[in-house]
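Enquirer: the amino acid sequence is not available; the structure is as follows:
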């Protein structure tokens, strides 16, 4: 790809002809990446080399901070052109991040219909279908033939997000049918659309959460889905490229939450942003750990008497935590990709408990063997208790790792809230308490040698 | 959606008319789900109610075990029809999982061209573009006009995976141009295709890894991408619906590996499968932990003398581990979605170290405060050492969490190999060793009270 060649060649302000030629021939997303890594002073210069159509496409691929930068440095006329030509969903996303004064000025420069489109989209809450959708789709009235429909599609503006589906609405703008371009091309022109399309349309409402939209489109292999309001009127469509971004965002969020990171951190975030997103969780973990440590604190004399406990406890903690996180991760991911729902709780719990029993036995025996290695001969009984508690903690771990996310999901909360560090902390508290209590009891009841 | 109603109504073998009607009207993926949850005896009965086109579509949505079950229970003629009509990539995926004898029989019943298509796809390694692609695409020869191209497309078989892109090849089948249906519809019929399309085509090779294919399609917002062999001949295409599945598979794999699960476990896997996928890691973690425990074992007398150490060490371990996992997760995900590459290692390390310094200070102070709470007055100096080691361990954690995955990626290995439990184990070993050594030194050098 050419972008590598451009990147390495010098940016020569006195002779930009070659660069201008290259930039107008490359794919917009590549040009956007090139401009992003230029020093600030050169960005506006490079952008002005783009012809009108390319400029609009490239602009949509730039990060928000750079879009704002260009809005301030380009000529008003060019900015107004770009704003007008942007697809409504991209424009809404940008306006959402700009300062209010700038947005007001830009809105005034828009045509009435684009202003209306933007206001419509911004009127919906973030994370819902209404906010992700675009208002540029192909709309047909009822009663057309295939031939008439194709003519109408040919006369549409070229800026429709997709022409591969056409949406048929009645006089009240209610969505009645969908027909694909494929169906239209493969059918004789005088056939009526109503005879080749179904009136049962797969659609979403404006308030549908974006993850749900993504799952529906994935399930039915759609490249676009219509969005209707409460009166079933067609207000927009969501296309597959937005859905791919949504699916990836959701996966990243889940992954990060499981690790105890706030969910929208990026590998190239600034250091202060990174700190701000991670410290809360770290301090919360430490605070919760006061609970676990408080469980150990009263037993300090026991540990002083049987110091091999301090060697064994970390193995406990780490292994039990891993068991819990394994169960937690598989369950949360299963919920996230729509493979299971809270209705499957019993099925999954049953599987986890059965697997957990087998795992518990193996881990208990290993734990006992390891304890024997470091314990002095008179401390060997510790290994038996360690193995038993390893087994019980394993069962607690798989149960917690399944029930907690399922419970949260049923309460309509985000199951990834139950992040990894939280589960390991709970398991440690329970594990340490059980272990040390049993050891204390054994020491007293059986007057065991120390 | 109707599937709920069907699921709840009784399966009445004596009167299947209503069910037959419903099943033929529902979306294939929903019918597939319905049949999957039926008891075994009823599945073949339900499947036979489907008309021919619906049967083929539904079959592609069934899990492999059920596909095999139906192949054995349906009439040979119907099986042969379904096999012939399946899209080549779905058929290849199925044949890959069936016993060799069954595959041989089914291959013999295929038409020569479908047999060739299947053999072609199965000839490529799993996880590459060649294995994911389908051979059913629209191919045009060079030199056509828009009008001629549209006529040709109309005459294509209706089983082409997508007709929204048409691929122009020369006499040697080399891919020369791509043109979209959108371009064809919006252009006058007598214009030549070569005048409206570029000869710089975005494509992938048969050996391109599937994750890379997914990233390219996502980047350029394509709904299909052509696959060429080493001589640049067009052999197949990959469509966006396959890519969505790939992106989700890859995310799930990363999430699971970070938790120490083998990567392809499902929430509804059988208990034995679950055990088999998780136990290796659990035992490996325990084995590695022998390292960490061996770091503590020699210090048992120190712990017996200063038992508050046993209270402090888990806080250490847990918090340090969380810091490491946070850095690890963000870096691995950044690599996974193509946001960063090993070339950005220094940039990310710089960010992590800066954020890590701030974090280290906060955590160290908190650690010192907490240690003071449980320590007896004469043990308060332990808090200072605990805070210091908390700070150093934090810096080690962010460095490990960044450099390990980057290093693996540069060696062309899978960065998620460096899973969470592995990193926490390493951090614990280093942390415990440092902490206990410093404590010992302090005890001896300063003859501190115990």
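Expert: Okay, I see it. Every value quoted in this text rests on a predicted model; they were computed, and no experiment measured them.
Enquirer: could you chop chain A up by domain?
Expert: According to the TED database, chain A is divided into the following domains: A:2-123, A:137-259, A:271-446.
Enquirer: would you mind listing what in the stretch 351-450 of chain A touches chain B?
Expert: A:351-352, A:354-355, A:358-359, A:362-363, A:366-367, A:370, A:374, A:420-421, A:424-425, A:428, A:432 (CB under 8 Å from any CB of the partner chain). Using the backbone N, CA and C atoms, a C-beta is placed for each residue, glycine as well.
Enquirer: which of these fall within strands?
Expert: In strands, judged by DSSP state E, none of these are found.
Enquirer: among those residues, which lie within helices?
Expert: Those of those mapping onto helices are A:351-352, A:354-355, A:358-359, A:362-363, A:366-367, A:370, A:374, A:420-421, A:424-425, A:428, A:432, per DSSP state H.
Enquirer: give me the neighbour count for residue A:15.
Expert: If you count neighbours by other CB atoms under 10 Å in any protein chain shown, residue A:15 ends up with 9.
Enquirer: then residue A:219?
Expert: 15.
Enquirer: quick one, what contacts it?
Expert: Contact partners of residue A:219, counting by CB atoms under 8 Å, 6 or more residues apart in numbering or on different chains, are A:338, B:29.
Enquirer: chain B contacts on the stretch 51-200 of chain A?
Expert: Within the stretch 51-200 of chain A, the positions near chain B by CB under 8 Å from any CB are A:150, A:153-154, A:158, A:163-164, A:181-182, A:185-186, A:200.
Enquirer: and which of these is nearest residue B:291?
Expert: residue A:164 (57.8 Å; CB to CB).
Enquirer: low-confidence regions, chain A specifically.
Expert: Applying pLDDT under 70 to chain A flags residues A:1-10, A:262-264, A:418-419, A:447-450.
Enquirer: 50 - rerun?
Expert: A:1, A:450 (pLDDT under 50).
Enquirer: ok, the residue in the stretch 1-150 of chain A that chain B sits nearest to to residue B:269 distance?
Expert: Going by CB to the nearest CB, chain B is nearest to residue A:29 of the stretch 1-150 of chain A, at 5.6 Å. The gap separating residue A:29 from residue B:269 is 38 Å, by CB to CB, to the nearest Å.
Enquirer: residue A:45 is in contact with residue A:13, correct?
Expert: Yes: Residue A:13 is in contact with residue A:45 according to CB atoms under 8 Å; the separation is 6.8 Å.
Enquirer: the two: who's more crowded?
Expert: residue A:45 (15 against 10).
Enquirer: ok but that one is inside a strand, no?
Expert: No: with DSSP: H, G, I helix; E, B strand; the rest coil as the criterion, residue A:45 is located in helix rather than a strand.
Enquirer: spit out the contact partners of it.
Expert: So residue A:45 contacts A:13, A:16 (CB under 8 Å, 6+ apart).
Enquirer: now the angle from whichever strand or helix holds residue A:320 to helix B:308-336?
Expert: Assessed by DSSP states H and E, residue A:320 sits inside helix A:308-336. Here helix A:308-336 runs at an angle of 30 degrees relative to helix B:308-336 (axes from the mean of the first three to the mean of the last three CA atoms, to 10 degrees).
Enquirer: helix A:308-336 close to chain B?
Expert: Yes: applying CB under 8 Å from any CB, one finds helix A:308-336 touching chain B at A:308-315, A:317-319, A:322-323, A:325-326, A:328-331, A:333-335.
Enquirer: ok now stretch A:363-383, how far from the chain's centre?
Expert: 44 Å (CA atoms, centre = their mean, to the nearest Å).
Enquirer: can you get me the start-to-end distance on that stretch?
Expert: Counting by CA to CA, to the nearest Å, you get 12 Å between the two ends of stretch A:363-383.
Enquirer: now stretch A:372-380
Expert: 6 Å.
Enquirer: flag every buried residue along that stretch.
Expert: A:372, A:374-375, A:379 (16 or more other CB atoms under 10 Å in any protein chain shown).
Enquirer: what's the helix or strand for residue A:23?
Expert: Residue A:23 is part of helix A:17-25 when elements are defined by DSSP H and E.
Enquirer: no wait, residue A:235
Expert: Residue-wise, residue A:235 maps onto strand A:234-239 under DSSP H and E.
Enquirer: now the element after that strand, going C-ward?
Expert: helix A:240-258.
Enquirer: could you see whether chain B lies near that next one?
Expert: Yes: against chain B, helix A:240-258 shows contacts by CB under 8 Å from any CB at A:240-241, A:243-245, A:247-248, A:251-252, A:254-256, A:258.
Enquirer: now do the buried residues in the helix or strand just after that helix.
Expert: Note on helix A:240-258: by DSSP H and E, the next helix or strand toward the C-terminus is helix A:271-296. For helix A:271-296, the neighbour count (16+ other CB under 10 Å) marks A:271, A:273-275, A:277-279, A:281-282, A:284-286, A:288-290, A:292-293, A:295-296 as buried.
Enquirer: next one: stretch A:196-204
Expert: Taking 16+ other CB under 10 Å as the criterion, stretch A:196-204 shows A:196-197, A:201, A:203-204 as buried.
Enquirer: measure that stretch end to end?
Expert: Terminal-residue distance, stretch A:196-204 (CA to CA): 22 Å.
Enquirer: hmm, residue A:163 is touching residue A:153, no?
Expert: Yes: using CB under 8 Å, residue A:163 is in contact with residue A:153, at 5.7 Å.
Enquirer: residues shared between the contacts of the two?
Expert: A:138, A:181, B:185.
Enquirer: please flag which of these sit within helices.
Expert: Using DSSP H, the subset of these located in helices is A:181, B:185.
Enquirer: now tabulate the shared contacts of residue A:163 and residue A:153 in TSV and tack on distance to residue B:124.
Expert: Shown next, in TSV, are the shared contacts of residue A:163 and residue A:153 (distance: CB to CB, whole Å):
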residue	distance to residue B:124
A:138	38
A:181	31
B:185	34
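Enquirer: okay, the shared contacts of residue A:163 and residue A:153 in JSON lines with distance to residue A:415 and neighbour count next?
Expert: Formatted as JSON lines, the shared contacts of residue A:163 and residue A:153 follow (distance: CB to CB, whole Å; neighbours: other CB atoms under 10 Å in any protein chain shown):
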{"residue": "A:138", "distance to residue A:415": "38", "neighbour count": "22"}
{"residue": "A:181", "distance to residue A:415": "39", "neighbour count": "21"}
{"residue": "B:185", "distance to residue A:415": "45", "neighbour count": "17"}
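Enquirer: which elements pack onto the helix holding residue A:23?
Expert: helix A:3-8 (3 or more CB pairs under 8 Å, 6 or more residues apart in numbering or on different chains; DSSP states H and E).
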